[in-house]
Structure formats: structure tokens, C-alpha cells
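K.L.:
Curious how this folds, go ahead:
(one chain, ligands or ions: 2)
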Amino acid sequence: MQKANNLKEYKRELGEALDNDFLRKAMDKFAVAYRSARINAFKGHEEEVLIHEVVRVKDAGIDNMMALYEEFKTRAQAAGVHVHLARTAHEANELIANIARKNACKKIIKSKSMTAEETLLNHHLEPEFEVTETDLGEWIIQLRHEGPTHMVMPAIHLSRHQVADLFADVTAREQKPDIQRLVKVARRELRAKFTQADMGISGANVAIAKTGTLGIVTNEGNARLVTTLPRVHVALVGLDKLCASLQDALTILRVLPRNATGQAITSYVTWITGANQCLARGTEKNKKEMHIVFLDNGRTQLARDPLFKQVLRCVRCGACANVCPVYRMVGGHQMGHVYIGAIGLILTYFFHGRDKAKNLVQNCINCEACKHVCAAGIDLPRLIKEIHTRIQDEEGHPLTSVLLGKVLKNRKLFHTLLRTAKAAQRPITGGTRYLSHLPQIFARDQDFRALPAIAKKPFRDMWKDVRPPKPAHPKFKVALFSGCVQDFVYPEQLEAGIKVLAHHGVDLDFPMGQTCCGLPVQMMGEKQAARDVALQNVTAIDPADYDYILTLCASCASHLKNNYPFLVGDEPIVGVKVQQFSDKVMSFSSFVNDILQVTREEFNPSGRTATFHSPCHLCRGMGVVHAPHELIEKSGYRFVRADEEQVCCGFGGTYTSKFPQVSQQILNNKLDDVEKTGAELLLTECPGCVLQLRGGMETRGSRVQVLHIAEALARAKK
Ligand code: SF4
Ligand code: SF4
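P.N.:
Ligands and ions are numbered 1, 2, ... in the order given. Model prediction:
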């Protein structure tokens with residue numbers, strides 16, 4: 001859970017998590033294993049179709065939430081169940097406590113429920129009742145008085161040694177750190193709790209309105225004992241779990257276990273319709289007393305929010321954490337509050353308030369890995385950025401991001417500052433292309449990779465000299481969008497790109513009114529500045545004049561293509577053009593491979609081995625995966641694929657300066673993975689990734705040379 005009061009404290013907590021070797025190794029191992037388990041689980045199924053079906057079912061549930069609630073209530077009451085609606089977390093907790101009091105319950109057993117974590121139910125009940133969690137992981141964290149670090153595997157952050165010590169305390173006997181033995185200890189201790197309990201509390205994964213049925217999926221079977229053995233059963237269920245029919249519920253269950261744990265189906269799927277038979281002591285007419293408490297806690301209000309209602313689709317599979325590079329480094333206590341991972345960053349704001357969310361929402365590198373695997377098709381990175389902006393609008397924007405926004409909005413001022421910085425950097429470059437003696441005030445925590453110097457001449461000043469002659473019979477009229485890093489730091493990447501395009505009938509233009517794409521300010525929560533910058537670019541490059549808008553920067557490409565319509569689509573005049581603008585944006589490798597269709601004959605094969613780092617915004621943002629591989633092979637390099645080719649490099653624009661410790665650790669993992677391939681060259685397609693990877697290899701003293709793919713192609717071109 002989040003205890004940090006400010007960003008400084010939060011960063012200290014992140015540092016502690018990064019120093020925890022066991023946590024990092026456990027997370028690493030899990031991330032790698034999860035990736036292949038998920039691929040196998042979806043084999044033979046059309047993943048996108050299944051997810052699309054979940055979206056359909058969940059959206060219908062959200063749009064008809066209260067009607068489904070009324071239908072469920074009627075059916076469940078007819079089957080002898082007491083149905084309640086709690087408006088707030090406190091109301092839900094008090095309702096449950098009252099049910100326990102009214103039924104003279106003293107001992108309560110619980111099966112795993114994220115909704116109960118959300119309401120902090122245990123904290124509410126424990127002063128008055130004996131409450132025992134019965135899911136192994138949940139029991140462990142209950143004994144440690146901490147929250148879950150993963151929605152599906154709450155104790156994944158703990159070693160068997162830590163668990164053995166904990167169980168030794170509980171049983172007052174020495175325990176060996178042997179997993180099978182520890183499971184037996186837990187089973188023995190919990191068995192007595194099951195038989196003595198007066199009341200069982202569960203959650204539910206789905207609530208079927210048509211029949212008043214709850215569906216619960218588990219792997220340990222403890223939910224069956226919790227819901228059947230005690231004489232009173234209370235289920236705490238979010239209103240978002242309602243769906244119309246069994247068919248809808250099965251649609252969700254086809255995806256949930258596959259996405260959560262890579263299982264086609266969990267060990268237990270339990271369906272409960274009405275209060276069942278129960279022979280436990282104190283029951284009247286052999287029937288148990290059953291209550292279902294539906295929790296609102298802001299859900300009905302969220303359901304009315306056109307942008308954020310999609311978060312109610314979440315099926316709590318935890319996949320967005322499983323693939324998150326930041327979660328992989330720091331774990332769920334730092335990458336969440338109660339709910340963790342990408343969805344946790346968003347739900348924390350709505351369920352637990354701005355104070356708990358304000359540090360968390362800044363800790364997203366915008367890699368889009370979560371969006372790519374979400375079982376419910378939620379646009380998580382966009383919503384995280386929206387929350388960041390909302391919080392800054394509510395609390396005031398930090399001076400640094402306001403200043404950056406003001407500078408980026410003023411292209412002439414921005415470029416003048418960069419030109420001034422070029423002159424000022426002379427004493428600290430030592431004649432190299434790196435800032436080798438950067439003053440401590442700028443270099444704090446940034447020395448894990450060498451930083452590049454600003455180029456002698458920006459690309460825009462070189463354009464008149466390097467502009468290719470207009471072809472006699474142009475096939476394509478193309479606007480080149482440079483982005484600021486290639487314009488001012490790596491103009492040679494653009495020069496290389498021009499060389500590759502030569503003799504393909506490309507009439508290339510470089511509109512001078514273009515400026516930074518605006519992604520850095522969007523990342524800092526400066527939405528208005530991002531919008532102003534987008535307007536400048538759409539005005540500077542009239543899409544009607546070009547067949548394509550080409551960029552060699554994957555981050556720019558993805559931002560121009562995917563975010564511009566959201567940012568300025570509602571503008572009266574430019575808004576009409578923006579969709580046309582975005583539709584024409586194309587990444588370099590797609591253009592060269594798929595549109596120009598370059599051939600092997602154009603290149604001299606070197607036979608050197610090359611691997612590829614796929615920028616997040618290329619493989620996920622632009623959906624480009626195969627074009628770079630094909631180009632590497634066509635141009636005569638021997639391609640070796642890295643295991644983690646599509647895992648983020650840790651740059652993330654402004655992220656690397658805000659959270660350098662996390663960025664460094666993600667980079668280290670990436671460089672290890674690259675070096676494992678034995679490749680001589682590491683190619684990529686984003687100047688930000690080049691900056692991070694080249695700087696990291698330089699600092700390591702590695703023999704691996706890092707190049708933009710355009711540079712590798714230009715070197716091989718005949
Ligand atoms: S965008 Fe990447 S860093 Fe951000 S929450 Fe999603 S997976 Fe994590
Ligand atoms: S947001 Fe998506 S991936 Fe994350 S827990 Fe919810 S359904 Fe799963």
C-alpha cells in the first residue's frame with residue numbers, strides 16, 4: 001500500500017524495492033514464465049476476437065448496470081438470498097459487520113476478494129471478530145499485516161525463507177523453508193478455522209442477472225469451503241461484475257484464466273444460486289443464511305463517464321501488471337495501492353483518492369505493454385496520462401513541467417535554447433559526442449548511461465544541402481517529420497534515411513514549421529501544451545499536400561498517429577485535417593520495406609550479426625513487427641532475435657529523468673538480453689532508444705555497436 005507523502009518519499013520506496021534482490025529475481029522469473037504461458041494458453045484461439053467479446057459483454061453490463069442489479073436481486077431473493085446495495089466502502093463493511101452481529105458470528109473465514117481489499121474489510125472487522133484469510137497467499141500477507149503485491153498472486157514478493165520464518169512464529173515451531181511442507185502447515189492450521197467458522201465471506205468473478213447466480217474461479221478450492229461450510233455466507237461483489245446471462249459469464253471466463261495465469265481453466269469454477277443446504281451447527285431448517293452485498297463505491301458514477309467507464313470492464317486478471325516493466329522492477333507495493341499494475345494506477349484515484357494516486361500515476365513509462373494484453377481492451381496508458389493531468393489540474397502543475405510546456409509551445413524559443421545549449425556544452429564534451437563532464441546538478445542519478453551532446457548543426461540547418469533532388473517522375477510525395485532528438489542530436493540518422501530512400505521516386509520535403517511532436521509534455525501531464533504543439537504540427541504539414549508523413553522516430557510516429565486525433569480532433573478547422581494527418585503517418589521501416597519494397601540487390605551484404613530492439617511505440621504503438629526483421633536480412637546482416645526484443649529499454653522520454661533508478665534497472669536487463677545474443681550490432685528505430693541503449697553500452701564498455709536501423713541500411717547500401 002502507498003504510504004509515501006510526496007514524490008521524494010515515493011522514490012525512496014522505489015529505491016528500497018530495487019535493492020531487494022529477491023523481489024527483483026522473483027519478478028523477473030515470473031515475467032518471463034508468464035509471457036510464454038500466456039502465448040500457449042491462447043494457442044488455437046483468436047485472442048483479439050475473444051477480447052473483443054469480453055469488451056462487448058462488459059460494456060453491455062456497464063450500460064445496464066442498475067437494471068441488471070434489479071434483475072439479479074429479484075432472482076436471488078426468489079432463491080432465498082438477502083441482497084444489499086452499499087453505496088460506499090464503509091457502508092459495505094458496516095453491512096457485513098451487522099450481518100455477523102445479528103447472526104451471533106464470532107469466527108469468520110474469507111476467500112480471496114479484491115473488492116474486500118478495496119473496502120479494507122479486514123481492518124473493519126478484525127477489532128470485533130476473528131477473521132482468517134484462507135487463500136494461502138492472502139493468509140500470508142494477512143499474517144504480515146500488509147496488502148497484496150499482485151491481484152492474483154498476493155504473496156509473490158516473499159521467499160520461502162520469509163514464509164518459513166512467519167509460519168514458525170504462528171505455530172511456535174521451527175519450520176523448514178520447503179514449499180510442500182509449508183503448504184501442509186498452512187493446510188493444517190487453516191483446517192481448524194474452516195470447521196469452526198460461523199461465517200464465510202467471498203467475492204465473485206461474475207454475477208449473472210438472469211439467474212441470480214454467482215461465479216467464482218479459484219485454484220485452491222478454499223472458496224468452496226468458505227461458501228459452503230459456515231452457516232452464514234456473505235459475498236461482497238462490485239456492481240461491475242454483473243452480466244446478463246451464463247453465456248456472457250462464460251465469455252469472460254474463457255479469457256480470464258488464460259490472461260491471468262496462462263491456464264485454459266482454473267482448478268475450481270464454483271456456481272452458487274441461492275442459499276444451499278448446510279448442516280453446520282446453529283442452522284435452522286438445514287439452510288444457510290446467504291447475503292450478497294453489491295458495492296457501488298463510485299462505480300455508478302464511473303459508468304456515466306464517457307472516457308473512464310471502460311475501467312469497469314476490468315476482470316482483475318492482473319495481466320497488466322505481469323507485463324509492466326516498472327512492476328517487474330519494483331513489485332506491487334510500489335506499483336499500486338490496493339489494486340496494482342496499470343489498472344491500479346487508475347482505480348487508486350477513483351477508489352482511494354488523489355493523495356494515494358498522485359505519485360503512482362507518474363510512474364508509468366508509457367510502453368503500452370499493458371494495453372496490449374488487457375483482457376478487457378482498456379486503453380490503460382491513455383487513462384493513466386489523463387489521471388496525471390487531472391491531478392495536476394486539481395493540485396497545480398509543477399513549475400518544471402509548466403516551464404517545459406511554455407518552451408515547447410514556442411518553437412523559436414525552444415530551438416534558440418537548443419542552439420544556445422550547443423555552444424554552452426563545449427567545455428563538457430571533451431571533444432567527444434558525449435557529455436562527459438556534466439555538472440552534478442544535471443547529472444544526478446543519470447550517470448548509468450553516457451548522454452549524447454547536441455549536434456554541431458541541427459538537421460533543419462543542413463536540409464538545403466542534403467535535400468535529395470526532386471525525381472523526374474515522383475511516385476510519392478513525402479513530408480519528413482524529424483522530432484526534436486533527431487533534428488538536434490542525431491541528424492545523421494535522418495541523413496542515413498535520405499540515402500536509403502534515394503532512387504525510389506520519393507519527392508521528399510521537410511516542412512520548416514514543424515516542431516517537437518509534444519509527447520514529452522503529454523507525459524508530464526501538460527495536456528494543453530501537448531494540444532498546442534499538435535496544432536502547430538498539423539498546421540505546418542498540410543496532409544493534403546503529401547502521400548505520407550514519414551518519421552524515423554517510433555515515439556513521434558505513434559504519438560502523431562494515435563494521440564493527435566484525441567488531442568485536437570475537436571478543433572473547428574484543424575480538427576477536420578487531423579484524422580487525414582494521422583492516417584498518413586508512417587514509420588521508416590514500414591515505408592521502406594512495405595511501400596518502397598527495397599530488394600537485396602540494393603545492398604552489399606556484410607554478414608555481420610545484428611539484433612533488433614523493437615521500440616514500444618513501433619511494435620505496439622504502430623503495430624510494426626516484421627518489417628525491421630525483413631530489412632535487416634535484406635540488407636545483408638545476419639539477424640538474431642533477442643528473447644526480450646519487445647520489452648521496453650527504460651527510456652520513456654521524461655521518465656528516465658524522473659525515475660532514473662528504475663530506468664537504469666530496466667536498461668540493465670535489456671543490455672544483458674542483447675549481449676546474450678552475441679550480436680555485433682544492436683539496431684533500433686527510435687532516437688530515444690538509441691540514446692538510452694548506446695549510452696548504456698558505452699558506459700558498460702560493451703563491444704556491441706548501437707545504430708538506428710536507417711544507419712545500418714545506409715552503410716550497407718550499394
Ligand atoms: S504503459 Fe507500460 S509502464 Fe505504463 S502501466 Fe502500462 S505496462 Fe506499465
Ligand atoms: S486492466 Fe485489463 S489486464 Fe489489467 S487486470 Fe484489468 S482486465 Fe486484466
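K.L.:
of all the residues in the stretch 201-350 of the chain, which ones are close to ligand 2?
P.N.:
Contact residues, the stretch 201-350 of the chain versus ligand 2 (Cβ under 6 Å from any ligand atom): Cys314, Val315, Arg316, Cys317, Gly318, Ala319, Cys320, Gly341, Ala342, Ile343. All C-beta atoms are positioned from the backbone trio N, CA, C, and that covers glycine.
K.L.:
my read: the last one touches Leu380, true?
P.N.:
So that's Ile343. Yes: Ile343 is within contact range of Leu380, at 6.5 Å (criterion: Cβ atoms under 8 Å).
K.L.:
Mind listing the shared neighbours of these two?
P.N.:
Shared contacts of Ile343 and Leu380, defined by Cβ atoms under 8 Å, 6 or more residues apart in numbering, comprise Cys320, Cys370.
K.L.:
ok, back up a step: helices - which of the residues of the stretch 201-350 of the chain next to ligand 2 land there?
P.N.:
Ala319, Cys320, Gly341, Ala342, Ile343 (DSSP state H).
K.L.:
residues near the third one, how many?
P.N.:
If you count neighbours by other Cβ atoms under 10 Å, Gly341 ends up with 25.
K.L.:
Any idea how many residues pack against the closest residue to it other than its chain neighbours?
P.N.:
Using Cβ to Cβ, 6 or more residues apart in numbering and skipping residues adjacent in sequence, the residue nearest Gly341 is Ala321, 2.8 Å away. Ala321 sits with 31 neighbouring residues when counted by other Cβ under 10 Å.
K.L.:
Then Leu408?
P.N.:
Residues contacting Leu408 under the criterion other Cβ under 10 Å number 24.
K.L.:
Now Gly344. Nearest residue, chain neighbours left out?
P.N.:
Closest residue to Gly344 apart from its sequence neighbours, by Cβ to Cβ, 6+ apart: Gly336 at 3.3 Å.
K.L.:
cool, and Leu667?
P.N.:
Gly650 (4.2 Å).
K.L.:
So the one you found sits against Ser657, correct?
P.N.:
No: if you go by Cβ under 8 Å, Gly650 and Ser657 don't touch, sitting 11.8 Å apart.
K.L.:
of these two, who's got more company?
P.N.:
Remark: of Gly650 and Ser657, Gly650 carries more neighbours, 30 against 14, as counted by other Cβ under 10 Å.
K.L.:
Just want the residue of the stretch 451-600 of the chain that's nearest ligand 2.
P.N.:
At 18.5 Å from ligand 2, Asn562 is the closest residue in the stretch 451-600 of the chain, using Cβ to the nearest ligand atom.
K.L.:
typo on my end, it should be the stretch 501-650 of the chain
P.N.:
Per Cβ to the nearest ligand atom, Arg620 is where the stretch 501-650 of the chain lies closest to ligand 2, at 14.1 Å.
K.L.:
The stretch 51-200 of the chain: strands as residue ranges?
P.N.:
Secondary structure of the stretch 51-200 of the chain (DSSP state E, counting those that start in this stretch): strands at 81-86, 107-110, 130-133, 199-202.
K.L.:
Run me through the strand neighbours of the third one, direction for each.
P.N.:
Paired neighbours of strand 130-133 in the sheet (DSSP bridges): strand 107-110 (parallel).
K.L.:
What about the residue nearest to Gly344, how many residues nearby?
P.N.:
Number of residues near Gly336 (other Cβ under 10 Å) recorded here: 30.
K.L.:
Same check on Ala78?
P.N.:
Neighbours of Ala78 (other Cβ under 10 Å): 10.
K.L.:
Repeat that for Arg101.
P.N.:
Arg101 has 11 nearby residues by other Cβ under 10 Å.
K.L.:
do you know how far it is from Gly80?
P.N.:
Per Cβ to Cβ, to the nearest Å, Arg101 is found 21 Å from Gly80.
K.L.:
Run a quick check on the residue nearest to Gly344 versus Asn363, I expect a contact.
P.N.:
No: between Gly336 and Asn363 there is no contact, the gap being 9.8 Å when judged by Cβ under 8 Å.
K.L.:
Which neighbours do those two have in common?
P.N.:
Jointly contacting Gly336 and Asn363 under the rule Cβ under 8 Å, 6+ apart are Leu345.
K.L.:
for the top helix by length along the chain, packing partners?
P.N.:
Ordering each helix of the chain by length in residues (DSSP H) puts helix 21-42 first. When contacts are defined as 3 or more Cβ pairs under 8 Å, 6 or more residues apart in numbering; DSSP states H and E, helix 21-42 packs onto helix 246-261, helix 319-322, helix 325-330.
K.L.:
on contacts alone, who are the packing partners of the last one?
P.N.:
It stands for helix 325-330. Secondary-structure packing of helix 325-330 (3+ Cβ pairs under 8 Å, 6+ apart): helix 7-19, helix 21-42, helix 660-677.
K.L.:
just these: most buried one?
P.N.:
Comparing the helices and strands packed on helix 325-330 by mean neighbour count (mean count of other Cβ atoms under 10 Å), helix 660-677 ranks first with a mean of 21.
K.L.:
how about Pro543, what does it touch?
P.N.:
Counted by Cβ under 8 Å, 6+ apart, Pro543 has contacts Ile549, Lys577, Gln580, Phe581, Asp583, Lys584.
K.L.:
Do I have it right that the third one meets Ala544?
P.N.:
Yes: using Cβ under 8 Å as the test, Gln580 is close enough to Ala544 to be in contact (7.1 Å).
K.L.:
before we move on, the earlier item: show me which of the ones in helices among the residues of the stretch 201-350 of the chain next to ligand 2 is closest to Met290.
P.N.:
Nearest to Met290 out of those is Ile343 (Cβ to Cβ; 29.6 Å).
K.L.:
burial of that closest one, as a residue count?
P.N.:
Using other Cβ under 10 Å, Ile343 is surrounded by 28 other residues.
K.L.:
Around ligand 2, pick out the residues from this structure.
P.N.:
So the chain meets ligand 2 at 314-320, 341-343, 373-376, 378, 380 (Cβ under 6 Å from any ligand atom).
K.L.:
what's the pLDDT at the residue of the stretch 451-600 of the chain closest to ligand 2?
P.N.:
pLDDT, Asn562: 96.
K.L.:
Show me the shaky parts of the stretch 351-500 of the chain.
P.N.:
426-432, 434-444 (pLDDT under 70).
K.L.:
Now do the contacts for the residue of the stretch 101-250 of the chain found nearest ligand 2.
P.N.:
For the stretch 101-250 of the chain and ligand 2, the shortest gap (Cβ to the nearest ligand atom) falls at Met151, measuring 6.3 Å. If a contact means Cβ under 8 Å, 6+ apart, then Met151 has Met114, Arg316, Cys317, Gly318, Ala321, Tyr339, Ile340, Gly341 as its contacts.
K.L.:
next one: stretch 28-35 to chain centre, how far?
P.N.:
Stretch 28-35 has its C-alpha centroid displaced from the chain centroid by 15 Å (Cα atoms, centre = their mean, to the nearest Å).
K.L.:
no, scratch that, I was asking about stretch 315-326
P.N.:
With Cα atoms, centre = their mean, you get 7 Å for stretch 315-326.
K.L.:
Repeat that for stretch 83-91.
P.N.:
Computed by Cα atoms, centre = their mean, the separation of stretch 83-91 from the middle of its chain amounts to 30 Å.
K.L.:
and it, average pLDDT?
P.N.:
Stretch 83-91 shows an average pLDDT of 98 in the prediction.
K.L.:
got it, and stretch 149-157?
P.N.:
Per-residue pLDDT over stretch 149-157 has a mean of 87.
K.L.:
Up against ligand 1, what does the protein have?
P.N.:
Counting by Cβ under 6 Å from any ligand atom, the chain comes close to ligand 1 at 323-326, 342, 364-370, 380-381.
K.L.:
Return the member of the residues you listed nearest to Gln536.
P.N.:
Nearest to Gln536 among these is Asn366, at 21.7 Å by Cβ to Cβ.
K.L.:
In helices, which of the contacts of Pro543 fall?
P.N.:
Among the contacts of Pro543, the members found in helices (DSSP H) are Lys577, Gln580, Phe581, Asp583, Lys584.
K.L.:
Can you select the buried ones among the residues you listed for me in PyMOL?
P.N.:
Those of these that count as buried under 16 or more other Cβ atoms under 10 Å are selected in PyMOL with:
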select buried, resi 577+581+584
